[in-house]
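Chemist: Just the structure for this:
(chains A and B)
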Protein chains: 2
Amino acid sequence: MSSRTPPPRSTSRDLERYAGLFASRTKGMTSSAMRDLMAVTARPEVISLAGGLPDTSTFPPDTFAAMTGRIAEESCARALQYGPTEGLEETKRCIAEVMAAEDMHADPEDMIVTTGGQQVIDLVTKTLIDPGDVVIAEGPTYPGAVPTFSSYQAEVVQIDMDSDGMRVDLMEEVLERLDREGRKPKFIYTVPSFQNPAGVTLSVPRRKRLVEVAHERELLVLEDNPYGLLRYEGAPNPPLYSLDGGVFVMYLGTFSKILSPGIRLGWVVAPPPVLEKINLGKQGTDLCTSTLSQLMVSAYFEESRWRDYVESLTDIYRTRRDTMLDALADHFPPQAEWTRPGGGLFIWATLPDFIDTTDLLARALRENVAFVPGEAAYLDGRGRSSMRLNFSGCDEEDIREGIRRIGEVVTEQVALYGTLTGETSRQSLPHDGAQAVVSPQPAPESGGADVLPLPGRAERERRATP
Amino acid sequence: MSSRTPPPRSTSRDLERYAGLFASRTKGMTSSAMRDLMAVTARPEVISLAGGLPDTSTFPPDTFAAMTGRIAEESCARALQYGPTEGLEETKRCIAEVMAAEDMHADPEDMIVTTGGQQVIDLVTKTLIDPGDVVIAEGPTYPGAVPTFSSYQAEVVQIDMDSDGMRVDLMEEVLERLDREGRKPKFIYTVPSFQNPAGVTLSVPRRKRLVEVAHERELLVLEDNPYGLLRYEGAPNPPLYSLDGGVFVMYLGTFSKILSPGIRLGWVVAPPPVLEKINLGKQGTDLCTSTLSQLMVSAYFEESRWRDYVESLTDIYRTRRDTMLDALADHFPPQAEWTRPGGGLFIWATLPDFIDTTDLLARALRENVAFVPGEAAYLDGRGRSSMRLNFSGCDEEDIREGIRRIGEVVTEQVALYGTLTGETSRQSLPHDGAQAVVSPQPAPESGGADVLPLPGRAERERRATP
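Modeler: Residues are numbered from 1 along each chain as shown, chains lettered A, B, ... in the order given. Model prediction:
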């Protein structure tokens, strides 16, 4: 730099200088609530019921050492090298084994191994969505999918759920309306089993109907199934993929919940023409998935104890779920409702609609406890009186204490509202206060399933003027 | 499926069914040549000079075992768990140490640890590029960036290079022209040291001028520096990042070439407002970078021998480069030209313009040898008589044999052209046949630097009617 001195370092912190350069997609890019919370919840004094964290302390360090020892001995150079974009053959064989455990039969040629399940959502959206295109999703939906859909400027239509999962009848009404507008969704995104965040499971009749609708209307479906094997009671429901045979249903799987999220290993099974585009997208994104992680999985499967580990997780998480359900009954006020998941990692609790859970979180963090505010699971501002509670990442003592602390701040808010309005808060409730209980067994389609208690627009406006 | 039977599995292979669903960005998404080649070059009988593969067999399995043993003992549960999107603090400290080895001083707060360097290119493009926005890049450019830029529908203007790297004077002319059209590039993408694929290095005066231009015009620069520490002779040139101080220069680094590409670990340093958007993009893409990979790096750095390993790589690759240069002189016809890189992994060879290296590759593969056709390094169809040759991934014997085989098919093509046209091929050359030799020492700016021998449009049209 002969004649010019570079500006001082601090000028790089000047937002104005760069703001004009950002792509328009960045306007819709917001932070996933869970990610933001991670910094706070990393503090040891905080009990976090926020993350979707499995308890990796349950994994035997000896097994880890055996796996990596095997790699060091047999395939060190390979573990450190680039691999094919679509993934290693031996890793795909492990994936086929995991899918077979849920009665799915996928051809390794129709798979791509990905950098976690999250990358599948990203690559499928990249492949299919132009700005303004429609995605159908559950309401509430996986909070981690919200920023992804936003970054591709998708229009997301969220379908209400009840204790039998997504209301497929309401979805059909939406499809009819879109049809009249000359629009067709690019895909339907669903977590049918032990849904994140609601904890509910799509019933068998609805699964069949959803697949039928996909065929009738030639609609792609992205089935996200991280929790299918984490079932705490009852018989399994067939995955959409097995009902459809892989014609319209794309399947997203992950090792995050049955082995480790830290190795970032997921996969997608999709029809070949779609898979080819996903592969191209992945090339441009990260070339290939970590070879080390892929070999970790195949070394693990050679130990032949992966089903035992999943079973041990199932026992641990079942107990934690029961602990959380008991604690909710003990510490949450009678106006609160919550789901009773038959598997997975999450309970969805809904409070009286005058409580804003994003505001509540600030109070909860002062008490050193965290949850995910329900708003994070919607793209349209709904969910503001709900919260997602995770029961897999903490031990029973922390679950009880965490729920006790949240219950305390909720109870305070309920009392405060009563004082301010002169009403008993119970009278202001739009719901009857009964808990929405999810049947752990797949229930037959019934007209009696309640829509999850979620505030509508009118209720939100009401809440704005207390 | 009560009344309907799902269509047979094979219908999922029907392209027509899905074609209408693809996003318009997929039209520009083409496969990176290296990725396509990987399937072929995985065959053991093929000598591949195509990949950008470091030789991971040089890494001591004992060290690998020590690293993973340490993780198993000290941080197994953490290695298997999600981490913060921006990366682990201890990994960032290792990154700061690598950057300091090239005299750069970056604040860990200004870094994000990424899934390989490729993800940086993807996330920066995602953050900055709307369809039709301009990116300035070198011509030829990193072939792996080509599909990324295409997937965001960027308009890429490629600036010719000579033995002193990108012609910054030509870049300024392009900026002037764009300015007259009322357009401004969103960023300049450059690999200043031991460029991929050309092997040339940007001279110090051009580095200074490039940073000056960035400041004068308030232009962001993405400096991609995977090879800076793989220097085989001469003194290092200052990175653009250290000249600029991180105001307009974003820095891309990677562990792929100094430790392992298989762990997929890279990083970006960028001004905070840009970094924040990159972080949001990464959340939606893969949540966080493999914790296992990050802890591998920090365990490796605690062994305190990373500089020794880089030095050993430098010795090995220097010898391989020399072997390849000798083999080229022995086996390539006198009409061919090539660069003489002072570091990195690649030599760029240019053949008479009547030879199409994409066609030539098919012949070469029949002889069980592979290279990357030059076309892969351009977005505009140029580079068709050039090739990228990698000298890091094979031992000396394979390098000699590989170059001998390629030389043979090239010589055949030259002879065939002479027979068909009645000309001696030498007379048809637009160049003088002299080798473009890269000075290993940073040379002062001179008017005598030759533009890399790349065919222009007129030449390509000529070649189409032999």
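
Chemist: which stretches of the stretch 251-400 of chain A form strands?
Modeler: Secondary structure of the stretch 251-400 of chain A (DSSP state E, counting those that start in this stretch): strands at A:266-269, A:337-338, A:346-350, A:369-370, A:372-373, A:386-390.

Chemist: Can you tell me the strand partners of the last one and which way each runs?
Modeler: Strand partners for strand A:386-390, identified by DSSP bridges, are recorded as strand A:346-350 (antiparallel), strand A:372-373 (antiparallel).

Chemist: what does the first one give?
Modeler: Taking DSSP bridges as the criterion, strand A:266-269 forms sheet pairs with strand A:111-114 (antiparallel), strand A:249-254 (antiparallel).

Chemist: gap between that strand and the chain center?
Modeler: Strand A:266-269 sits 15 Å away from the centroid of its parent chain (CA atoms, centre = their mean, to the nearest Å).

Chemist: now what about that strand, what contacts it?
Modeler: A:87, A:92, A:95, A:99, A:106, A:110-120, A:123-124, A:241, A:246, A:250-256, A:275, A:278 (CB atoms under 8 Å, 6 or more residues apart in numbering or on different chains). C-betas here are computed from N, CA, C, even on glycine.

Chemist: Same question for the fifth one.
Modeler: Residues from elsewhere that reach strand A:372-373, judged by CB under 8 Å, 6+ apart: A:33-34, A:37, A:50, A:143, A:197, A:357-358, A:360-361, A:383-384, A:386-388, A:390.

Chemist: circling back to that earlier point, let me have the strands paired with strand A:266-269 in a markdown table, adding mean neighbour count as columns.
Modeler: Output for the strands paired with strand A:266-269, formatted as a markdown table (neighbours: other CB atoms under 10 Å in any protein chain shown):
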| stretch | mean neighbour count |
| --- | --- |
| strand A:111-114 | 26 |
| strand A:249-254 | 27 |
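
Chemist: Adding mean pLDDT, write those strands out as CSV.
Modeler: Putting the strands paired with strand A:266-269 into CSV (pLDDT from 0 to 100) gives the following:
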stretch, mean pLDDT
strand A:111-114, 98
strand A:249-254, 98
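
Chemist: so which of these gets nearest residue A:139?
Modeler: strand A:249-254 (19.2 Å; CB to CB).

Chemist: CA atoms only: put the closest one into PDB for me.
Modeler: Provided in PDB are the C-alpha atoms of strand A:249-254 (Å, rounded to 0.1, in the frame of the first residue of the first chain):
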ATOM      1  CA  VAL A 249     -41.700 -39.700  -1.400                       C
ATOM      2  CA  MET A 250     -38.100 -38.500  -0.800                       C
ATOM      3  CA  TYR A 251     -36.700 -39.900   2.400                       C
ATOM      4  CA  LEU A 252     -34.500 -38.000   4.900                       C
ATOM      5  CA  GLY A 253     -32.600 -40.000   7.500                       C
ATOM      6  CA  THR A 254     -29.800 -39.200   9.900                       C
END
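
Chemist: what about stretch A:410-417, distance to the chain center?
Modeler: For stretch A:410-417 - counting by CA atoms, centre = their mean - the centre lies 30 Å from the chain centre.

Chemist: Spatially nearest residue to the residue in the stretch 301-450 of chain A positioned nearest to chain B (excluding sequence neighbours)?
Modeler: Going by CB to the nearest CB, chain B is nearest to residue A:393 of the stretch 301-450 of chain A, at 9.1 Å. Leaving out its chain neighbours, the residue that sits closest to residue A:393 by CB to CB, 6 or more residues apart in numbering or on different chains is residue A:53, at 3.7 Å.

Chemist: For residue A:230, which non-adjacent residue is closest in space?
Modeler: Per CB to CB, 6+ apart, closest to residue A:230 is residue A:343, 5.0 Å.
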